[in-house]
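J.: Return a 3D structure for these sequence lines:
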Amino acid sequence: MENNFISFLDSPDGEKYFGRIRTLHFLDKRCDELCHNLPLETKIPNLKVISHFSGWEFIDKNNLNWLTSTEYDDNNICNELKRYPLPENLAKNLKKFLQNRVPGPLVIRGILNSEDMGLPAAYKMFQPRFIMDPPANLQTRFSVISSAIKNIWAQSLSKLSKAFFRILTLPHKDQMATIMISEPELPHRGSFYYPDLSVVLWAENKNSFHGLCSGGIWDPAHGKFPDPVEFIPGEAIKVGPGTLLAFDPKKDKLISISWHLAKTHGTKNLPVITEDMAEKHKTKKKKQYLATSDSNLSRYTKIICQRLWDQLQTPFRLLFCLQPEMNKGKNTIYINSIRTFTPPFTKTPFAFPEIVNIKQFFNSKEVLGTGSGIIRYLIHLKSDSLLARKQLKHLLQYLHCKGYGALLAVKDIKALNNSSMAKLLKHPAITVIYSENSPSDSWTGDIPVIVSPLNKLNLSSSKLLKINDYENKNEFTIHTAPNPILVTIDQKAGRGMGWF
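T.: Reported below is the predicted structural model:
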């Protein structure tokens, strides 16, 4: 079974589509409708899929099942898997795929079947990795890609993944990632590969759209990812960052390059701004682009959101890169992913549940603000140092780019609101703030505040997974809730509650 852009490198029974592959398959037949009568083309990059069945076949054939039940060191797991060959049919098809393509960048990522249930992988699990399919002999190329495949299987067996799966209570067969290898269609510009623009669009309802855009490659988990520009489709786009992410084939990784350097390599972000507009809106600051409400990007994204909503009739998140096709006189949208989307916060409170039917996370009678939401991450901020500010900003930006909500727990919100942390307290990735004291009367944030002792917050719950990712663990700790936490706050009722 094969369609225009998806093909399997193995031969699983029935060749089922999971996670984002399912939604891309759905969208494939509707791409032409999105850009009808617009000077745009919509494409989905070619995808090669390795089902999770092949991961288990590899484990079973090489008698590696003991790795699934032991807390073995992650590096040792990876090294152990690399000792064994890929399943025969997968190896044959992978070599055939490499023989029939020109060497160049590939993106490889793991996808959990639980995505179909609205349960995506946790932070830092299965991050996409750009790799170079090198201009070398077939065996060298095969070795590079097969090593990357085994790395994904090793991630499925890591300590973080095992703990995540235990909380989700997923069936054993679903505790192995499906692997997606995509040909990203990145233009080769000078020494690097990168698209003109990357754009994320969200639709909460048929009349409410918003987006983020940035030059270059979209990877919000990357330490050098620039602050993307927020915009409302159909309205003006503000000044953007002075850097972008590009793939460096020599270093085999993403690096940050200046926008000035990017221009010398041939891109001028033509979909966003014309030369006369750039001259008119000159700025002394080192910025990437400036666009007005009549820019192509702004107008076209609004039309695309409206058409996609008419097709799906449900909130969604769409990620794509956009670049000019000089030989065709059109701009091309390459869709990277699309998924249904649950807004992390709404100003309308949920109904409070019966306590006997739920597992509580917190319950307070002192609240400020009204609303409800879904929390996937809990951040316990322990310091207001410069390092804490820098790391917290990066984490919140990642969550915002993904469309996830977080609970921020602090000791003293009043003190933080009068410090350099004040701006971060109003970050759109924060669904609710939990503090031991109430903010000052000058608090103007739209984010609700729960006032209660920190020891009443059940961070030791067996339904939470602690993630340690930053250099200094004394700045803050991160927990994720594989099964999201529902939160409702009603100031008029004088009550706030969170539950699993």
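J.: For this structure, name the helix or strand with the lowest mean pLDDT.
T.: Sorting the helices and strands of the chain by mean pLDDT, DSSP states H and E puts helix 275-280 at the bottom, at a mean of 42.
J.: all strands for the stretch 101-250 of the chain, in order.
T.: Assigned strands in the stretch 101-250 of the chain, in chain order: 104-111, 129-133, 178-182, 188-189, 192-193, 197-205, 208-215, 229-231, 243-248 (criterion: DSSP state E, counting those that start in this stretch).
J.: of all these, which lies closest to Arg307?
T.: strand 197-205 (10.7 Å; C-beta to C-beta). Using the backbone N, CA and C atoms, a C-beta is placed for each residue, glycine as well.
J.: buried sites along that closest one?
T.: Using 16 or more other C-beta atoms under 10 Å as the test for burial, strand 197-205 gives 197-203.
J.: cool, and stretch 302-317?
T.: 302-309, 312, 315-317.
J.: Secondary structure, pLDDT and distance to Ala136 for the residues you listed - can I get that in JSON lines?
T.: Formatted as JSON lines, the buried residues of stretch 302-317 follow (DSSP: H, G, I helix; E, B strand; the rest coil; pLDDT from 0 to 100; distance: C-beta to C-beta, whole Å):
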{"residue": "Lys302", "secondary structure": "helix", "pLDDT": "91", "distance to Ala136": "45"}
{"residue": "Ile303", "secondary structure": "helix", "pLDDT": "91", "distance to Ala136": "44"}
{"residue": "Ile304", "secondary structure": "helix", "pLDDT": "91", "distance to Ala136": "40"}
{"residue": "Cys305", "secondary structure": "helix", "pLDDT": "92", "distance to Ala136": "43"}
{"residue": "Gln306", "secondary structure": "helix", "pLDDT": "93", "distance to Ala136": "47"}
{"residue": "Arg307", "secondary structure": "helix", "pLDDT": "92", "distance to Ala136": "43"}
{"residue": "Leu308", "secondary structure": "helix", "pLDDT": "91", "distance to Ala136": "41"}
{"residue": "Trp309", "secondary structure": "helix", "pLDDT": "92", "distance to Ala136": "46"}
{"residue": "Leu312", "secondary structure": "helix", "pLDDT": "86", "distance to Ala136": "43"}
{"residue": "Pro315", "secondary structure": "coil", "pLDDT": "90", "distance to Ala136": "45"}
{"residue": "Phe316", "secondary structure": "strand", "pLDDT": "90", "distance to Ala136": "40"}
{"residue": "Arg317", "secondary structure": "strand", "pLDDT": "92", "distance to Ala136": "37"}
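J.: coming back round to it: tell me which of the strands of the stretch 101-250 of the chain sits nearest to Leu378.
T.: Short answer: strand 197-205, nearest of those by C-beta to C-beta, at 22.6 Å.
J.: so what does that closest one touch, helix or strand wise?
T.: Secondary-structure packing of strand 197-205 (3 or more C-beta pairs under 8 Å, 6 or more residues apart in numbering; DSSP states H and E): strand 208-215, helix 296-312, strand 316-325.
J.: Pipe the ones you listed into CSV and attach distance to Lys82 per row.
T.: Shown next, in CSV, are those (distance: least, C-beta to C-beta, whole Å):
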stretch, distance to Lys82
strand 208-215, 35
helix 296-312, 41
strand 316-325, 31
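J.: Out of those, which gets nearest to Glu80?
T.: With C-beta to C-beta as the criterion, Glu80 lies closest to strand 316-325 of those, at 34.1 Å.
J.: In this structure Asn417 contacts Ser438, no?
T.: No - contact criterion C-beta atoms under 8 Å: Asn417 and Ser438 do not qualify, at 10.5 Å.
J.: the more surrounded of the two?
T.: Between Asn417 and Ser438, Asn417 has the larger neighbour count (other C-beta atoms under 10 Å), namely 20 against 14.
J.: tell me the domain boundaries of this protein?
T.: 6-182, 188-340, 345-499 (automatic domain parsing).
J.: averaging pLDDT over each of those, which comes out lowest?
T.: Among the domains of the chain, domain 188-340 carries the lowest mean pLDDT, at a mean of 77.
J.: roughly how far out does that one sit from the chain middle?
T.: Computed by C-alpha atoms, centre = their mean, to the nearest Å, the chain-centroid distance of domain 188-340 equals 16 Å.
J.: Looking at the chain, which helix is longest?
T.: helix 138-156 (DSSP state H).
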